[in-house]
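[1] okay, here's the prediction I keep looking at, along with the sequence it came from:
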Amino acid sequence: MTWYLTFQFVDAIQPVRRTLLRDRAYEAIRDAIVAGEIEPGAVVRDAELADRLGLSRAPVREAFTRLVDEGLLESKPQSYTRVTPVVAAEVRDAAAVVGAMHELVTRVAVPRLSAADVETMRRSNERFAAAVEAGYVDNALRADDDLHDVLVRVSGNHAAAATIARYTPLIRRLERRRFGEGGNCRSAGLHDQLIEACAAGDVDTAVRVTAEIWRGLEELADDEPEAH
(Lines give C-alpha, C1' and ligand atoms only; values in the text may rest on other atoms or scores of the structure.)
Protein backbone atom coordinates (compact mmCIF):
# COMPACT_ATOMS: atom_id res chain seq x y z
CA MET A 1 0.00 0.00 0.00
CA THR A 2 2.83 2.42 0.82
CA TRP A 3 4.49 1.73 -2.53
CA TYR A 4 1.21 2.30 -4.35
CA LEU A 5 0.58 5.65 -2.67
CA THR A 6 4.14 6.80 -3.32
CA PHE A 7 3.81 5.83 -6.96
CA GLN A 8 0.54 7.74 -7.26
CA PHE A 9 2.09 10.86 -5.69
CA VAL A 10 5.17 10.89 -7.93
CA ASP A 11 3.12 10.15 -11.01
CA ALA A 12 0.81 13.07 -10.20
CA ILE A 13 3.42 15.81 -9.64
CA GLN A 14 5.65 15.21 -12.69
CA PRO A 15 3.29 16.69 -15.33
CA VAL A 16 2.40 19.60 -13.03
CA ARG A 17 6.04 20.69 -12.87
CA ARG A 18 6.36 20.65 -16.65
CA THR A 19 3.14 22.62 -17.06
CA LEU A 20 4.31 25.27 -14.61
CA LEU A 21 7.59 25.72 -16.46
CA ARG A 22 5.80 26.05 -19.78
CA ASP A 23 3.33 28.54 -18.33
CA ARG A 24 6.12 30.51 -16.67
CA ALA A 25 7.93 30.84 -20.00
CA TYR A 26 4.72 31.75 -21.83
CA GLU A 27 3.67 34.41 -19.35
CA ALA A 28 7.11 36.01 -19.17
CA ILE A 29 7.52 36.24 -22.94
CA ARG A 30 3.92 37.32 -23.53
CA ASP A 31 4.22 40.08 -20.92
CA ALA A 32 7.49 41.32 -22.42
CA ILE A 33 5.89 41.52 -25.86
CA VAL A 34 2.78 43.31 -24.59
CA ALA A 35 4.91 45.76 -22.60
CA GLY A 36 7.02 46.53 -25.67
CA GLU A 37 10.19 45.22 -24.04
CA ILE A 38 10.47 42.91 -27.04
CA GLU A 39 9.48 45.14 -29.94
CA PRO A 40 7.49 44.29 -33.07
CA GLY A 41 9.79 42.70 -35.64
CA ALA A 42 12.34 41.58 -33.06
CA VAL A 43 13.72 38.10 -33.64
CA VAL A 44 13.46 35.84 -30.58
CA ARG A 45 15.66 32.80 -29.98
CA ASP A 46 14.75 29.98 -27.66
CA ALA A 47 18.30 29.53 -26.34
CA GLU A 48 18.68 33.20 -25.40
CA LEU A 49 15.30 33.45 -23.69
CA ALA A 50 15.79 30.12 -21.92
CA ASP A 51 19.04 31.44 -20.49
CA ARG A 52 17.42 34.71 -19.37
CA LEU A 53 14.52 32.87 -17.75
CA GLY A 54 16.67 30.21 -16.15
CA LEU A 55 14.81 27.46 -17.98
CA SER A 56 15.61 24.74 -20.46
CA ARG A 57 14.78 25.32 -24.12
CA ALA A 58 11.82 22.89 -24.14
CA PRO A 59 9.31 25.05 -22.21
CA VAL A 60 10.40 28.12 -24.16
CA ARG A 61 9.73 26.32 -27.44
CA GLU A 62 6.31 25.31 -26.14
CA ALA A 63 5.68 28.94 -25.23
CA PHE A 64 6.71 30.00 -28.74
CA THR A 65 4.19 27.59 -30.25
CA ARG A 66 1.41 29.01 -28.12
CA LEU A 67 2.37 32.62 -28.86
CA VAL A 68 2.44 31.91 -32.60
CA ASP A 69 -1.05 30.43 -32.29
CA GLU A 70 -2.21 33.54 -30.43
CA GLY A 71 -0.75 35.95 -32.98
CA LEU A 72 2.03 37.56 -30.94
CA LEU A 73 4.81 35.68 -32.72
CA GLU A 74 5.28 34.55 -36.29
CA SER A 75 7.61 31.78 -37.34
CA LYS A 76 9.21 30.57 -40.54
CA PRO A 77 10.65 27.07 -40.09
CA GLN A 78 14.45 26.91 -40.20
CA SER A 79 14.58 30.68 -40.57
CA TYR A 80 13.21 32.88 -37.75
CA THR A 81 10.69 33.44 -35.02
CA ARG A 82 9.86 37.08 -34.47
CA VAL A 83 7.35 39.39 -32.84
CA THR A 84 4.43 40.28 -35.07
CA PRO A 85 3.62 43.88 -35.94
CA VAL A 86 0.59 45.58 -34.39
CA VAL A 87 -2.04 45.20 -37.11
CA ALA A 88 -5.15 47.34 -36.74
CA ALA A 89 -7.51 44.82 -38.36
CA GLU A 90 -6.33 42.08 -36.01
CA VAL A 91 -6.80 44.32 -32.97
CA ARG A 92 -10.31 45.24 -34.12
CA ASP A 93 -11.18 41.57 -34.58
CA ALA A 94 -9.76 40.69 -31.17
CA ALA A 95 -11.61 43.56 -29.48
CA ALA A 96 -14.88 42.48 -31.08
CA VAL A 97 -14.46 38.90 -29.88
CA VAL A 98 -13.27 39.83 -26.38
CA GLY A 99 -16.04 42.41 -26.08
CA ALA A 100 -18.68 39.83 -27.01
CA MET A 101 -17.30 37.48 -24.36
CA HIS A 102 -17.38 40.22 -21.73
CA GLU A 103 -20.99 41.01 -22.62
CA LEU A 104 -21.82 37.33 -22.22
CA VAL A 105 -20.17 36.94 -18.82
CA THR A 106 -21.67 40.24 -17.62
CA ARG A 107 -25.17 39.07 -18.47
CA VAL A 108 -24.65 35.85 -16.53
CA ALA A 109 -22.65 37.29 -13.63
CA VAL A 110 -24.67 40.36 -12.60
CA PRO A 111 -27.52 38.43 -10.91
CA ARG A 112 -24.93 36.35 -9.04
CA LEU A 113 -22.72 39.14 -7.71
CA SER A 114 -22.32 39.50 -3.97
CA ALA A 115 -21.76 42.77 -2.14
CA ALA A 116 -18.13 41.73 -1.71
CA ASP A 117 -17.78 41.24 -5.47
CA VAL A 118 -19.12 44.73 -6.15
CA GLU A 119 -16.79 46.18 -3.54
CA THR A 120 -13.84 44.44 -5.21
CA MET A 121 -14.85 46.10 -8.48
CA ARG A 122 -15.05 49.50 -6.78
CA ARG A 123 -11.58 49.14 -5.26
CA SER A 124 -10.18 48.02 -8.59
CA ASN A 125 -11.65 51.09 -10.30
CA GLU A 126 -10.19 53.37 -7.64
CA ARG A 127 -6.77 51.87 -8.36
CA PHE A 128 -7.43 52.20 -12.08
CA ALA A 129 -8.34 55.89 -11.84
CA ALA A 130 -5.34 56.66 -9.64
CA ALA A 131 -2.98 54.85 -12.03
CA VAL A 132 -4.40 56.69 -15.06
CA GLU A 133 -4.01 60.01 -13.25
CA ALA A 134 -0.40 59.18 -12.37
CA GLY A 135 0.40 57.85 -15.85
CA TYR A 136 1.21 54.34 -14.60
CA VAL A 137 0.04 52.31 -17.56
CA ASP A 138 0.93 48.87 -16.20
CA ASN A 139 -0.92 49.53 -12.94
CA ALA A 140 -3.91 50.88 -14.84
CA LEU A 141 -4.21 47.86 -17.08
CA ARG A 142 -3.72 45.49 -14.17
CA ALA A 143 -6.50 47.20 -12.21
CA ASP A 144 -8.70 47.14 -15.30
CA ASP A 145 -8.16 43.39 -15.60
CA ASP A 146 -8.95 42.92 -11.91
CA LEU A 147 -12.24 44.78 -12.26
CA HIS A 148 -13.50 42.81 -15.26
CA ASP A 149 -12.13 39.52 -13.95
CA VAL A 150 -14.71 39.67 -11.15
CA LEU A 151 -17.47 39.28 -13.73
CA VAL A 152 -15.56 36.59 -15.62
CA ARG A 153 -15.00 34.60 -12.43
CA VAL A 154 -18.53 34.90 -11.12
CA SER A 155 -20.02 33.88 -14.48
CA GLY A 156 -18.23 30.54 -14.26
CA ASN A 157 -17.95 30.38 -18.06
CA HIS A 158 -14.57 28.76 -18.66
CA ALA A 159 -14.84 28.91 -22.46
CA ALA A 160 -15.41 32.67 -22.33
CA ALA A 161 -12.57 33.08 -19.83
CA ALA A 162 -10.19 31.16 -22.10
CA THR A 163 -11.18 33.22 -25.14
CA ILE A 164 -10.67 36.47 -23.23
CA ALA A 165 -7.26 35.32 -21.97
CA ARG A 166 -6.20 34.33 -25.47
CA TYR A 167 -7.11 37.51 -27.34
CA THR A 168 -6.72 40.27 -24.75
CA PRO A 169 -2.90 40.49 -25.16
CA LEU A 170 -3.34 41.54 -28.81
CA ILE A 171 -5.48 44.45 -27.62
CA ARG A 172 -3.31 45.30 -24.63
CA ARG A 173 -0.24 45.71 -26.83
CA LEU A 174 -1.89 48.56 -28.75
CA GLU A 175 -3.68 49.97 -25.72
CA ARG A 176 -0.51 50.08 -23.68
CA ARG A 177 1.53 51.76 -26.39
CA ARG A 178 -1.12 54.38 -27.15
CA PHE A 179 -1.54 55.13 -23.45
CA GLY A 180 2.24 55.44 -23.13
CA GLU A 181 2.21 57.96 -25.99
CA GLY A 182 -0.14 60.18 -24.01
CA GLY A 183 -3.48 58.72 -25.05
CA ASN A 184 -6.32 57.91 -22.69
CA CYS A 185 -6.99 54.58 -21.09
CA ARG A 186 -10.56 53.37 -20.79
CA SER A 187 -12.72 55.76 -18.83
CA ALA A 188 -13.05 55.27 -15.09
CA GLY A 189 -16.45 56.95 -15.57
CA LEU A 190 -17.67 54.05 -17.69
CA HIS A 191 -16.40 51.70 -15.03
CA ASP A 192 -18.43 53.65 -12.46
CA GLN A 193 -21.55 53.20 -14.58
CA LEU A 194 -20.85 49.49 -14.91
CA ILE A 195 -20.33 49.07 -11.18
CA GLU A 196 -23.52 50.95 -10.28
CA ALA A 197 -25.51 48.79 -12.70
CA CYS A 198 -23.97 45.69 -11.17
CA ALA A 199 -24.79 46.89 -7.65
CA ALA A 200 -28.40 47.50 -8.70
CA GLY A 201 -28.68 44.15 -10.44
CA ASP A 202 -29.47 45.97 -13.69
CA VAL A 203 -28.34 43.41 -16.25
CA ASP A 204 -29.32 45.33 -19.39
CA THR A 205 -27.49 48.50 -18.36
CA ALA A 206 -24.41 46.55 -17.29
CA VAL A 207 -24.29 44.79 -20.66
CA ARG A 208 -24.82 48.09 -22.53
CA VAL A 209 -21.97 49.79 -20.67
CA THR A 210 -19.71 46.78 -21.20
CA ALA A 211 -20.41 46.97 -24.94
CA GLU A 212 -19.55 50.69 -24.88
CA ILE A 213 -16.24 50.02 -23.12
CA TRP A 214 -15.14 47.48 -25.71
CA ARG A 215 -16.48 49.49 -28.64
CA GLY A 216 -14.05 52.19 -27.54
CA LEU A 217 -11.18 49.75 -28.00
CA GLU A 218 -12.36 48.85 -31.48
CA GLU A 219 -12.33 52.58 -32.26
CA LEU A 220 -8.81 52.83 -30.85
CA ALA A 221 -7.76 50.29 -33.48
CA ASP A 222 -9.51 52.32 -36.19
CA ASP A 223 -7.04 55.16 -35.54
CA GLU A 224 -4.08 52.84 -35.91
CA PRO A 225 -2.12 52.47 -39.18
CA GLU A 226 -2.53 49.01 -40.67
CA ALA A 227 0.86 47.89 -39.33
CA HIS A 228 3.14 49.37 -36.71
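    Happy to help now that I have it. For clarity, every value in this text was computed on a predicted model and none was experimentally measured.
[2] over to the most centrally placed residue in the chain: give its phi and psi.
    The centroid of the chain falls nearest to Thr168 when counting by CA atoms, centre = their mean (4.1 Å). For Thr168, the backbone dihedrals are phi -60, psi -40 (criterion: degrees, to the nearest 10).
[3] what sits closest to it if chain neighbours are left out?
    Leaving aside its sequence neighbours, Thr168 sits nearest to Val98 (CB to CB, 6 or more residues apart in numbering; 5.7 Å). No exception for glycine: its C-beta is placed from N, CA and C like everyone else's.
[4] now what about the one helix or strand the one you found maps to, what contacts it?
    Assigned by DSSP states H and E, Val98 belongs to helix 88-109. Identification of contacts with helix 88-109 by CB atoms under 8 Å, 6 or more residues apart in numbering yields 71, 148, 150-152, 154-157, 160-161, 163-164, 167-168, 170-171, 173-174, 194, 203, 206-207, 210-211, 213-215, 217-218, 220-222, 224-227.
[5] cutoff 6 Å now
    Helix 88-109 is touched from outside by 151-152, 154-155, 157, 160, 163-164, 167-168, 170-171, 174, 203, 206-207, 210-211, 214, 217-218, 221, 224, 226, with contacts defined as CB atoms under 6 Å, 6 or more residues apart in numbering.
[6] just the buried ones from these, in PyMOL syntax?
    A single PyMOL command selects the buried members of the contacts of helix 88-109 (16 or more other CB atoms under 10 Å):
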select buried, resi 151+152+154+155+157+160+163+164+167+168+170+171+174+203+206+207+210+214+217+218+221+224
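[7] which of the contacts of helix 88-109 fall in helices?
    151-152, 154-155, 160, 163-164, 167-168, 170-171, 174, 203, 206-207, 210-211, 214, 217-218, 221 (DSSP state H).
[8] can you pull out the low-pLDDT segments for the protein?
    Segments of the chain classed as low confidence (criterion: pLDDT under 70) are 1-19, 180-186, 222-228.
[9] by how many degrees do the helix holding Val98 and helix 203-222 diverge?
    Relative orientation of helix 88-109 versus helix 203-222 (axes from the mean of the first three to the mean of the last three CA atoms, to 10 degrees): 170 degrees.
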